[in-house]
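In: Predicted model follows, preceded by the sequence.
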Amino acid sequence: MGAASADHDTDHEYDFRIDDETGDEGFVDPESSIELKVEIENYLDAEHEFELFVTNSGELDDYGLNMWWSSDGQDELTSQSTSLPSIDVSKNSVQAGITITIQATENAVYGSYGVNLKCRDKDNSDPEGTKQTLELTVNVNEKPAVSLNIAESGSTEGSIDIDGETTYQV
């Protein structure tokens, strides 16, 4: 944890933001995973407890994307949960390295998707009123649907017809 910045928005008691190390966007191949990181800066003179959520994980499951919190910034997590019920951030400090792992399954759909995150201050009398949100972007790389291997003894001439529409000349 590092020292808090004296240069902050006075309307907020904390700041939930993207970790500069990984940025807010990642690219992933099907059957692979990536890690993106966020951090929480506590501007108060007292330790505060926060909770984090992935708010659209069910929707992204439909596109072949699985995600979970894999580190709370101090410890690696094995639960593969889309919520982190407790992250303690010391007074006037930053908890960095809070990691979300995003896995593209074998059948992940090519495209760009927003991963919606929410942070709440559990020590505030109105945690939902103090919530802050972020959106990370994950881009699933296109997986080739057709591959062609020509045997050494085979001919190098021919064509392939797919669904009667496209012909490839070899």
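Out: Sure, I can see it.
In: quick check: mean pLDDT across stretch 109-128?
Out: Across stretch 109-128, pLDDT averages out at 94.
In: how about it: buried residues?
Out: Counting neighbours by 16 or more other CB atoms under 10 Å, one finds that the buried residues in stretch 109-128 are Tyr113, Val115, Leu117, Lys118, Cys119, Arg120, Asp121, Asp123, Asn124. Just so you know, the C-beta spots here come from the backbone N, C-alpha and C atoms, and that holds for glycine as well.
In: continuing past the helix or strand hosting the second one, what's the next helix or strand?
Out: Okay, so that is Val115. In this structure, Val115 is located in strand 111-121 according to DSSP states H and E. Once strand 111-121 ends, the next helix or strand along the chain (criterion: DSSP H and E) is strand 132-140.
In: Now do Thr101: how many residues are near it, please.
Out: When neighbours are defined as other CB atoms under 10 Å, Thr101 has 16 of them.
In: which non-adjacent residue is nearest it?
Out: Here the nearest residue to Thr101 in space, its sequence neighbours aside, is Ser70; by CB to CB, 6 or more residues apart in numbering that works out to 4.2 Å.
In: Surely the one you found is in a helix?
Out: No - according to DSSP: H, G, I helix; E, B strand; the rest coil, Ser70 belongs to no helix; its state is strand.
In: Make 672 the starting number, not 1.
Out: Will do, 672 is the new start, and the previous item becomes Ser741.
In: I figured it was touching Leu748, is that so?
Out: Yes - taking CB atoms under 8 Å as the definition, Ser741 is a contact partner of Leu748 at 5.6 Å.
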